[in-house]
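Colleague: this one's sequence-less:
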């Protein structure tokens, strides 16, 4: 049950992240193949780096090609319907994206722990799973990755990773730890969006 | 025989891709080491990502260092002769590049299939082998990768990967599949160059 | 004894490279998490690519999390004290950076040789260990990596790798080879800084 919920949420996270890649590609007037590439790196880039670093190869989307088909279908449908997207409520995509971030973080941390690696590695890999795909998307689009700048995004992912590993080490079962961690990431990210919270910037410019 | 043809063509593909790295470096006034770095990432960057993702490590150019020597020699000779390059017919480099793309695609797909992975992974990895090196080259040069924009380049690589896997699944032997796939990629890429074909762009800019 | 010297020097190299990431982040007004990300990729990016390419996974900082803690502490302390950094002598950071480059080069080459891989791979991986982290830092900061341009930096790393592998193949023991290689890289890099040496650029711009 929990495993199924996590799996389908993971695919939902891929869909949301792929859409964010499609939107960046559309602003840069890319061709359809460029759109698919940007959708793919955003959706699976972080998990790919995680798997390559911990030696979990072939990486996850090679072992389960459902991810690829979901991303291709998302890119196709997004391109066909993007012009009508303004009819969707404007809060929908940021909320789904926060959900994707929360889930990717926990899934990344969980996979690392299943390899019996230390908690700090799980937290770091949770962040990489959650934010590295978006960073590659931004670099390919010629932009400085927005997560490095002032929005609370990676910070929310770190909070989720910390809550997840601490919950498990306190003896909570996986379902509770997952729920607490996702609530933390989602809550902080949505609060940051709602009240425009940000960390103070570190400024060395004169 | 076929294996030898593929191996020497692979080295030829590296030479052509390395030259394209040298040309970008020269436009940015890099120093000779920067030229070698850009030549190398263009020539072997795609295959390196492929091998790391499928777990075929050490990656191919570690197991066979001929690739490195060929790239270093190409960069050196290119730098020494670049000023005279205008004497070469202007169609030569794009045609060789299309040939390199066609061959890298098939080699990437073939390697993935030899690990008994699914066809869709072979097609995706064929594209990565063919185009990711050039994407890294462009990012290092401070540009948005041109394959994401309107030229038919990655598209030709995808066509080759599809033709290759379909041919094999229809029972054709490897030589025929390779020939059909390369003809498809080469033909589409050269047609795109000749008649300035491109896919319609996906434009979300207002 | 030698192993301990190398290990603590490696951590010192991480500290210096992390500081260079912090400084770039500060110029771009990143938030504290962005600062930590940039410090981390600069310090461990090169070694991570090396380990993924040779198949030494999980990569080094997963097996020994001391690296992560050292980088996090460095980023934190650097942010808190950066405003007072102008009191340090201005030559300190470039000299420490040259020391880090020299050491990362030798450590990268040594690790590759311990996997019984050829000398040319050791030299290439020494350069990747020494300079790739800084290249990723520059790309994430929206800049063309400075090592590709005219400073003698990667060149000093190559010299160190060549001296190290040649010394070993001449039968010198590891301590001597390490000392000779580090002296070569350090000497060339410091000379380049002191007398503004650079290689002639390769310029194809009209």
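Modeller: Happy to help now that I have it. Computed from a prediction, not measured in an experiment: that's the story for all the values here. Residues are numbered from 1 along each chain as shown, chains lettered A, B, ... in the order given.
Colleague: wait, does stretch A:15-28 contact chain C?
Modeller: No - contact of stretch A:15-28 with chain C is not found when judged by Cβ under 8 Å from any Cβ of the partner chain; the minimum separation is 15.4 Å. Backbone N, C-alpha and C define where each C-beta goes, glycine included.
Colleague: can you give me the buried ones in that stretch?
Modeller: For stretch A:15-28, burial by neighbour count (16 or more other Cβ atoms under 10 Å in any protein chain shown) applies to A:15-26, A:28.
Colleague: cool, stretch A:116-129 as well?
Modeller: Residues of stretch A:116-129 classed as buried by neighbour count (16+ other Cβ under 10 Å): A:117-129.
Colleague: give me the low-pLDDT residue ranges for chain A?
Modeller: Judged by pLDDT under 70, chain A has its weakly predicted residues at A:85-87, A:150, A:205-206.
Colleague: longest helix anywhere in it?
Modeller: Counting residues, the longest helix found in chain A (DSSP state H) is helix A:2-27.
Colleague: and that one, what other elements does it pack with?
Modeller: The helices and strands touching helix A:2-27, judged by 3 or more Cβ pairs under 8 Å, 6 or more residues apart in numbering or on different chains; DSSP states H and E, are helix A:32-54, helix A:66-81, helix A:92-114, helix A:119-140, helix A:174-195.
Colleague: next, the angle helix A:2-27 makes with the shortest one.
Modeller: With axes from the mean of the first three to the mean of the last three Cα atoms, to 10 degrees as the criterion, the two stretches helix A:66-81 and helix A:2-27 enclose an angle of 40 degrees.
Colleague: ok so, going back, okay, the helices and strands packed on helix A:2-27 in TSV with distance to residue C:108 next?
Modeller: Listed next are the helices and strands packed on helix A:2-27 as TSV, based on distance: least, Cβ to Cβ, whole Å:
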stretch	distance to residue C:108
helix A:32-54	17
helix A:66-81	33
helix A:92-114	25
helix A:119-140	21
helix A:174-195	36
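Colleague: show me the one of those that comes nearest residue B:99.
Modeller: Residue B:99 lies closest to helix A:32-54 among the helices and strands packed on helix A:2-27, at 20.1 Å (Cβ to Cβ).
Colleague: the closest one: which residues count as buried?
Modeller: The neighbour-count check on helix A:32-54 (16+ other Cβ under 10 Å) flags A:32-54 as buried.
Colleague: is chain C contacted by the helix or strand just after it?
Modeller: Sequence order places helix A:60-63 as the next helix or strand after helix A:32-54, per DSSP states H and E. No - against chain C, helix A:60-63 shows no contacts by Cβ under 8 Å from any Cβ, the least distance being 14.8 Å.
Colleague: returning to what we had before: of all the buried residues of stretch A:15-28, which two lie farthest apart?
Modeller: Farthest-apart pair in the buried residues of stretch A:15-28 is A:15 and A:28; separation 20.9 Å (Cβ to Cβ).
Colleague: got the buried residues for stretch A:138-145?
Modeller: For stretch A:138-145, the neighbour count (16+ other Cβ under 10 Å) marks A:138-141, A:144-145 as buried.
Colleague: I should have written stretch A:53-70 there, sorry.
Modeller: Using 16+ other Cβ under 10 Å as the test for burial, stretch A:53-70 gives A:53-62, A:67-68, A:70.
Colleague: now stretch A:104-116
Modeller: Under 16+ other Cβ under 10 Å, the buried positions of stretch A:104-116 are A:104-113.
Colleague: hmm, who's touching it?
Modeller: A:6, A:10, A:13, A:17, A:46-47, A:50-51, A:54, A:56, A:119, A:121-123, A:125-130, A:157, A:160-161, A:164-165, A:168, A:174, A:178, A:181-182, A:185, C:58 (Cβ atoms under 8 Å, 6 or more residues apart in numbering or on different chains).
Colleague: got the buried residues of stretch A:116-129 as CSV, with distance to chain C columns?
Modeller: As requested, the buried residues of stretch A:116-129 are exported to CSV (distance: Cβ to the nearest Cβ, whole Å):
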residue, distance to chain C
A:117, 6
A:118, 6
A:119, 9
A:120, 5
A:121, 5
A:122, 10
A:123, 9
A:124, 7
A:125, 8
A:126, 13
A:127, 8
A:128, 10
A:129, 14
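Colleague: nearest to residue B:92 among those residues?
Modeller: Closest approach between those and residue B:92, by Cβ to Cβ: residue A:128, at 42.9 Å.
Colleague: that closest one contacts residue A:46, correct?
Modeller: Yes - contact status for residue A:128 versus residue A:46: in contact at 5.5 Å, counting by Cβ atoms under 8 Å.
Colleague: residue A:157 falls within a strand, correct?
Modeller: No - going by DSSP: H, G, I helix; E, B strand; the rest coil, the assignment for residue A:157 is helix, not a strand.
Colleague: would you check that it makes contact with residue A:130?
Modeller: Yes - assessed by Cβ under 8 Å, residue A:157 is found in contact with residue A:130 at 4.1 Å.
Colleague: any shared contact partners between these two?
Modeller: Common contacts of residue A:157 and residue A:130 (Cβ under 8 Å, 6+ apart): A:101, A:104-105.
Colleague: so what's residue A:94 up against?
Modeller: Under the criterion of Cβ under 8 Å, 6+ apart, the neighbours of residue A:94 are residue A:193.
Colleague: distance of it from residue A:158?
Modeller: 19 Å (Cβ to Cβ, to the nearest Å).
Colleague: got the residues of chain A near chain B?
Modeller: A:22-23, A:25-35, A:37-38, A:48, A:52, A:55, A:57-59, A:62, A:65, A:68-69, A:79, A:82, A:139-142.
Colleague: quick one: name the residues of chain A near chain C.
Modeller: Close to chain C, as judged by Cβ under 8 Å from any Cβ, chain A has residues A:52-55, A:57, A:115, A:117-118, A:120-121, A:124, A:135, A:139, A:143-145, A:147-151, A:154-155, A:158, A:198-205.
Colleague: could you list the residues in contact with stretch A:47-54?
Modeller: Residues contacting stretch A:47-54 (Cβ under 8 Å, 6+ apart): A:56-57, A:59-61, A:104, A:107-108, A:111-112, A:115, A:117, A:121, A:125, A:128-129, A:132-133, B:52-53, C:48, C:52, C:57-59, C:62.
Colleague: correction: the previous question concerned stretch A:5-22.
Modeller: Contacts for stretch A:5-22 (Cβ under 8 Å, 6+ apart): A:35, A:38-44, A:66-67, A:70-71, A:74-75, A:78-79, A:82, A:93, A:96-97, A:99-101, A:103-104, A:107, A:133-134, A:137, A:178, B:202.
Colleague: list the buried residues in stretch A:93-106.
Modeller: Across stretch A:93-106, burial judged by 16+ other Cβ under 10 Å covers A:96-106.
Colleague: from those, pick the one nearest residue A:191.
Modeller: residue A:98 (9.9 Å).
Colleague: so what's that closest one closest to, chain neighbours aside?
Modeller: Nearest residue to residue A:98, sequence neighbours excluded (Cβ to Cβ, 6 or more residues apart in numbering or on different chains): residue A:189, at 4.1 Å.
Colleague: which residues touch that neighbour?
Modeller: By Cβ under 8 Å, 6+ apart, residue A:189 lies in contact with A:98, A:101-102, A:152-153, A:156.
Colleague: same question for residue A:74.
Modeller: Neighbour list for residue A:74: A:14-15, A:18-19, A:22, A:39, A:43 [criterion: Cβ under 8 Å, 6+ apart].
Colleague: could you rerun that using 10 Å?
Modeller: Residues in contact with residue A:74 (Cβ atoms under 10 Å, 6 or more residues apart in numbering or on different chains) are A:11, A:14-19, A:21-22, A:36, A:39-40, A:43.
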